[in-house]
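Colleague: Predicted model and sequence follow; I will ask about them next.
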Amino acid sequence: ESLSRLKRRPLLTSPTASSVGTARGFESLPVLGAEFADSEDSPSSLPGTFDEALQRHAGEGSGKSLAITCMEADGKTGRTLTYAKLYSSSRRLAYYLLNKVGHKGSSSLKPGDRAALLLPASDVCTLATAFAACQLAGVVPVPVERRLLPLPRLARCWLLWSESFYRQLKTQSQHEPPSYPGWPSGLHWILADAQGLTKPAKDWRPPQSGQQSQQQPLAYAECGPARDGSARAVCISRAALLSHGKALCSALGYGKGDTAVCLLDPRRDVGLWHGLVAAMLAGLHVYFVPYSLMKSDSLAWLRLVAKQRVAYAWAKSRDLYWSLLAGKDESSTSGMSLASLRCLLVADSTNPWSLTSCDSFLTCFRSRGLSPNCLVTCAYSPESLTVSLRRPGYSVGRGVVSMHGLSYGLVQVDSDSSYTSLTLQDCGHLLPQSAVAVVRLGRQGATESRPQLCRVDEVGEICVCSRYSAARYAGNDSPNERVFNCRPVSATGDEIDSAGSGTDGAFVRTGLIGFLGPPTSGGLLFVCGTIATQLCVAKRRHSAEDIIATVLAVEPLKFVYRGRIAVFAQPLLGDDRIVVVAEQRPDASDSRCHTWACHVLQAIESIHQLSVYCLALVPANPLPRGPHGSVETVTVRDLYSAGRLRPCRVLMCPQAAVADQLQLLIDDANNPTSDIDNNSDDSKSVESIEPSVSDRSSTSSSSAGPTLPCLTLTDALRWRASREPDTRLLS
């Protein structure tokens with residue numbers, strides 16, 4: 001009888017922030033970074049250009065000062081490169097690029113042109129030579145990968161690569177270069193490690209870098225994926241590259257003759273800026289440990305630190321966790337002394353869940369002489385470069401906040417024992433000559449050129465105004481003013497002042513979400529997420545990293561294969577729906593996997609107060625992964641949308657996840673079937689069949705024909721199939 005008189009039940013409205021309170025603090029003002037004290041490591045004492053830095057370091061120590069040492073996959077020392085060899089090889093390659101390549105009309109390579117660097121992360125010596133040669137020649141290097149190669153945006157289609165990497169690529173013929181989908185035709189291939197290049201004269205100097213009108217000459221372009229999966233390149237000027245490199249050297253005290261260990265990718269992000277740029281300016285000797293060696297022997301870099309008395313190390317929290325697991329056996333670390341390590345920089349310290357790995361690593365290796373204050377955190381983004389940096393020797397700042405409050409954009413102090421709390425560690429103090437402001441987050445997918453400043457107890461996007469920030473996105477059609485730059489305003493509409501940053505007042509969006517510490521902290525910065533990992537559901541923002549941590553907390557070793565999980569949002573019925581995809585262990589049974597999936601849904605709902613639309617389990621090893629083993633969430637989302645994910649087990653909860661519509665399409669007062677009992681259990685199935693679509697107006701439904709003239713559930717499905725065949729119900 002209940003199905004004979006259908007009624008659209010009132011849908012749930014999205015909760016408001018009144019249940020968790022509102023921001024009551026005063027308006028946050030931009031904070032300026034403290035200046036460096038005058039010392040021998042100050043920026044004024046460092047070389048002014050790359051040419052000057054390499055020439056100075058090459059002439060010291062009879063030309064035998066080591067610059068780079070590459071470790072092999074078996075743990076042995078591989079290829080080495082001195083500063084004298086680096087300087088001579090880079091000069092020869094720079095002379096070859098400008099004078100010996102492509103002199104056929106307009107195909108020659110000129111200063112200011114862009115050239116792609118297709119080099120593996122393991123061939124650091126060739127990468128350093130090519131990068132330094134591009135800096136000397138005034139050419140803009142763009143490190144790329146095969147899976148992400150935006151060559152059509154390059155001014156010139158030049159590609160630098162190594163002979164060893166050529167053997168790894170699939171070729172149609174032995175003498176023909178490879179070709180991949182999306183690559184432009186007419187590529188000019190240049191061997192960066194070619195032998196027998198012409199030696200330039202001693203008095204040869206490359207010409208001035210070409211520059212466009214009203215734009216600074218570019219020095220580097222960092223390429224990476226955007227949130228929608230497209231390729232994007234961030235352009236960095238020569239002045240910004242040198243200023244930022246000098247600031248890093250002064251902040252961490254890099255000096256000539258110091259030794260460092262790099263576990264990061266030297267082609268981008270923190271690995272490039274510390275492992276190549278800052279190291280060349282300061283004259284460091286850097287040991288590069290490849291990813292393959294870390295997978296086979298996670299303690300190799302610690303033995304290298306103890307043997308070579310390394311002072312600096314750059315790693316990720318994943319590397320610390322692997323070393324922690326391998327170091328539980330005391331026999332493997334016997335006789336190891338880590339007292340020489342003054343700085344351990346964690347590149348992904350902006351992820352709140354890296355705190356556990358950092359604390360456990362310090363506790364485990366404190367008996368080996370590791371200083372508890374050697375841990376250095378940083379906040380980095382490709383657009384703003386390094387925002388903040390904790391100096392070695394400074395104490396750690398902690399804060400316990402509520403994840404429920406963060407979903408509404410509020411900073412609320414919570415107890416450490418609460419299962420809905422999130423412990424944050426500080427990302428250090430701001431770099432000098434920079435101003436940082438926190439602006440309110442706009443609607444999902446929308447940006448404002450003049451956003452408003454947050455209050456001190458609100459979470460917002462961190463914006464930076466400094467001399468060493470990136471200039472713009474590559475391409476003339478990039479919406480730089482609304483996406484890249486912004487000019488924040490106060491509550492009264494007045495534009496804020498960025499005096500002291502040395503710029504024109506435009507702030508660069510970092511893509512980091514966080515808040516500033518109290519005024520007594522001296523510019524301390526806390527980061528709780530990124531824009532790229534934010535999931536906006538029913539006007540609340542959740543971090544995909546937080547949801548992954550919740551999933552991993554439910555017995556991950558028994559069901560999830562190597563912790564490979566992807567969390568993303570799928571637009572459906574006027575709002576985003578949360579989808580969780582995980583790789584299942586081969587030895588897990590069907591019944592236990594179903595029980596585990598139910599527990600995961602309950603954990604996410606109780607901790608985040610969020611309903612999951614779909615939880616899919618796939619067999620081991622089908623999810624696409626990056627070069628270092630991380631799951632590519634954008635590719636997984638595309639496979640899910642196209643129906644090519646091939647899951648082996650699926651648990652969907654549309655009746656819980658689709659009940660958060662923001663408005664009701666048809667008024668119950670005008671609905672002829674509104675006299676049905678609201679408490680009828682059978683109406684729940686009808687509600688899941690014909691939910692309200694918020695992006696479809698009531699006028700369009702009335703113009704499509706009469707109201708739902710069906711008496712049974714079968715009639716309802718037949719009526720929908722005939723009139724709305726393209727409306728998506730499930731995916």
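Modeller: Arrived safely. Numbers count the residues shown, from 1 in each chain.
Colleague: Point out where the stretch 301-450 of the chain drops to low pLDDT.
Modeller: When the per-residue scores of the stretch 301-450 of the chain are filtered using pLDDT under 70, the ranges that remain are 443-449.
Colleague: where do the strands sit along it?
Modeller: Counting by DSSP state E, counting those that start in this stretch, the segments of the stretch 301-450 of the chain that form strands are 312-315, 343-346, 375-381, 385-389, 398-402, 421-425, 429-430, 434-439.
Colleague: okay, those strands in TSV with mean neighbour count next?
Modeller: Quick note: C-beta positions are derived from backbone N, CA and C, even for glycine. Converted to TSV, those look like this (neighbours: other C-beta atoms under 10 Å):
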stretch	mean neighbour count
strand 312-315	26
strand 343-346	25
strand 375-381	24
strand 385-389	27
strand 398-402	17
strand 421-425	19
strand 429-430	24
strand 434-439	26
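Colleague: Tell me which residues of the lengthiest strand in the chain come out buried.
Modeller: Ranked by residue count and defined by DSSP state E, the top strand of the chain is strand 560-572. Residues of strand 560-572 classed as buried by neighbour count (16 or more other C-beta atoms under 10 Å): Val560, Tyr561, Arg564, Ile565, Ala566, Val567, Phe568, Ala569, Gln570, Leu572.
Colleague: Following the chain past that strand, name the next helix or strand.
Modeller: Once strand 560-572 ends, the next helix or strand along the chain (criterion: DSSP states H and E) is strand 575-584.
Colleague: thinking again about what came up before, tell me which of the strands of the stretch 301-450 of the chain approaches Val658 most closely.
Modeller: strand 398-402 (26.7 Å; C-beta to C-beta).
Colleague: Residues contacting that closest one, please?
Modeller: 20, 411-416, 418, 420-426, 526, 528 (C-beta atoms under 8 Å, 6 or more residues apart in numbering).
Colleague: Send over that strand as PDB, restricted to the C-alpha atoms.
Modeller: Provided in PDB are the C-alpha atoms of strand 398-402 (Å, rounded to 0.1, in the frame of the first residue of the first chain):
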ATOM      1  CA  ARG A 398      52.600  21.300  18.700                       C
ATOM      2  CA  GLY A 399      48.900  21.900  18.500                       C
ATOM      3  CA  VAL A 400      45.900  19.600  19.000                       C
ATOM      4  CA  VAL A 401      42.900  20.700  17.000                       C
ATOM      5  CA  SER A 402      39.500  19.200  16.300                       C
END
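Colleague: right, and Ala137 touches Leu97 too?
Modeller: Yes - in this structure Ala137 lies within contact range of Leu97 using C-beta atoms under 8 Å: 5.1 Å.
Colleague: that older thread, so what strands line up beside the longest strand of the chain?
Modeller: Strand 560-572 pairs in its sheet with strand 575-584 (antiparallel), by DSSP bridges.
Colleague: per-residue confidence averaged over the partner strand?
Modeller: Confidence for strand 575-584, expressed as mean pLDDT, is 93.
Colleague: For Ala716, give me the backbone phi and psi.
Modeller: Ala716 has phi and psi values of phi -60, psi -40 when expressed as degrees, to the nearest 10.
Colleague: now it: how far from Arg541?
Modeller: 35 Å (C-beta to C-beta, to the nearest Å).
Colleague: for the residue nearest to Pro382 when sequence neighbours are not counted, what are its contacts?
Modeller: Spatial nearest neighbour of Pro382, excluding adjacent residues (C-beta to C-beta, 6 or more residues apart in numbering): Val234 at 4.6 Å. Contacts of Val234 were listed using C-beta under 8 Å, 6+ apart, and they are Ala221, Glu222, Cys223, Gly224, Pro382, Glu383, Ala470, Arg472, Tyr473, Ala474.
Colleague: Which of those residues sits closest to Asn485?
Modeller: Looking across these and measuring by C-beta to C-beta, the closest to Asn485 is Arg472, at 8.2 Å.
Colleague: give me the number of residues near the closest one?
Modeller: Residues lying near Arg472 (other C-beta atoms under 10 Å) number 20.
Colleague: what are the phi and psi angles of it?
Modeller: Backbone phi and psi, for Arg472 under degrees, to the nearest 10, turn out to be phi -170, psi 180.
Colleague: Could you give the bridge partners of it?
Modeller: Beta-bridge partners recorded for Arg472 (DSSP bridges): Cys235.
Colleague: gap between it and Gly224?
Modeller: In this view, Arg472 and Gly224 are 15 Å apart by C-beta to C-beta.
Colleague: Could you do Leu272 as well?
Modeller: The span separating Leu272 from Gly224 equals 12 Å under the rule C-beta to C-beta.
Colleague: Comparing the two, which shows the higher neighbour count?
Modeller: For Leu272 and Gly224, the more surrounded residue by other C-beta under 10 Å is Leu272, and the numbers stand at 20 against 16.
Colleague: Please give the element, helix or strand, for that one.
Modeller: Under the criterion DSSP H and E, the helix or strand holding Leu272 is helix 269-272.
Colleague: Please parse this protein into its domains.
Modeller: Per automatic domain parsing, the domain ranges recorded for the chain read 43-296, 394-530, 536-657.
Colleague: closest to Ser349 out of those?
Modeller: Among the domains of the chain, the nearest to Ser349 by C-beta to C-beta is domain 394-530 (6.1 Å).
Colleague: Can you check the distance spanned by the closest one, start to finish?
Modeller: Across its full length, domain 394-530 reaches 25 Å end to end, with C-alpha to C-alpha, to the nearest Å as the criterion.
Colleague: Distance to Thr520 added to the strands of the stretch 301-450 of the chain, as TSV?
Modeller: TSV is the format used below for the strands of the stretch 301-450 of the chain (distance: least, C-beta to C-beta, whole Å):
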stretch	distance to Thr520
strand 312-315	30
strand 343-346	25
strand 375-381	19
strand 385-389	17
strand 398-402	14
strand 421-425	18
strand 429-430	13
strand 434-439	17
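Colleague: List the contacts of the longest strand of the chain.
Modeller: The set of residues that contact strand 560-572 without belonging to it, under C-beta under 8 Å, 6+ apart, is 535-537, 544, 547-548, 551-552, 556, 576-586, 613-614, 620-621, 623, 625, 631, 633-634, 636-637, 640-641, 658, 728, 731.
Colleague: mean confidence score for that strand?
Modeller: Along strand 560-572, the predicted confidence averages to a pLDDT of 91.
Colleague: Can I get it in PDB, CA atoms only?
Modeller: Output of strand 560-572 as PDB, limited to C-alpha atoms (Å, rounded to 0.1, in the frame of the first residue of the first chain):
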ATOM      1  CA  VAL A 560      45.200  -3.500   2.500                       C
ATOM      2  CA  TYR A 561      48.100  -4.500   0.200                       C
ATOM      3  CA  ARG A 562      51.200  -2.400   1.000                       C
ATOM      4  CA  GLY A 563      49.000   0.500   2.200                       C
ATOM      5  CA  ARG A 564      47.900   1.400  -1.300                       C
ATOM      6  CA  ILE A 565      44.700   3.500  -0.900                       C
ATOM      7  CA  ALA A 566      43.200   6.300  -3.100                       C
ATOM      8  CA  VAL A 567      40.500   8.600  -1.900                       C
ATOM      9  CA  PHE A 568      38.800  11.100  -4.200                       C
ATOM     10  CA  ALA A 569      35.500  12.900  -4.800                       C
ATOM     11  CA  GLN A 570      33.100  12.100  -7.600                       C
ATOM     12  CA  PRO A 571      30.500  14.700  -8.600                       C
ATOM     13  CA  LEU A 572      27.000  13.100  -8.500                       C
END
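Colleague: So what would you say the end-to-end distance of stretch 483-490 is?
Modeller: End-to-end distance for stretch 483-490: 19 Å, by C-alpha to C-alpha.
Colleague: Now do the buried residues in that stretch.
Modeller: In terms of neighbour count (16+ other C-beta under 10 Å), stretch 483-490 has its buried residues at Phe484, Asn485, Cys486, Arg487, Pro488, Val489.
Colleague: if I pick the nearest residue to Leu93 once chain neighbours are set aside, what's in contact with it?
Modeller: Of all residues beyond its chain neighbours, the one nearest Leu93 is Ala133 (3.7 Å), with distances taken as C-beta to C-beta, 6+ apart. In this structure, Ala133 makes contact with Ser89, Ser90, Arg91, Arg92, Leu93, Ala94, Leu97, Val139, Ala192, judged by C-beta under 8 Å, 6+ apart.
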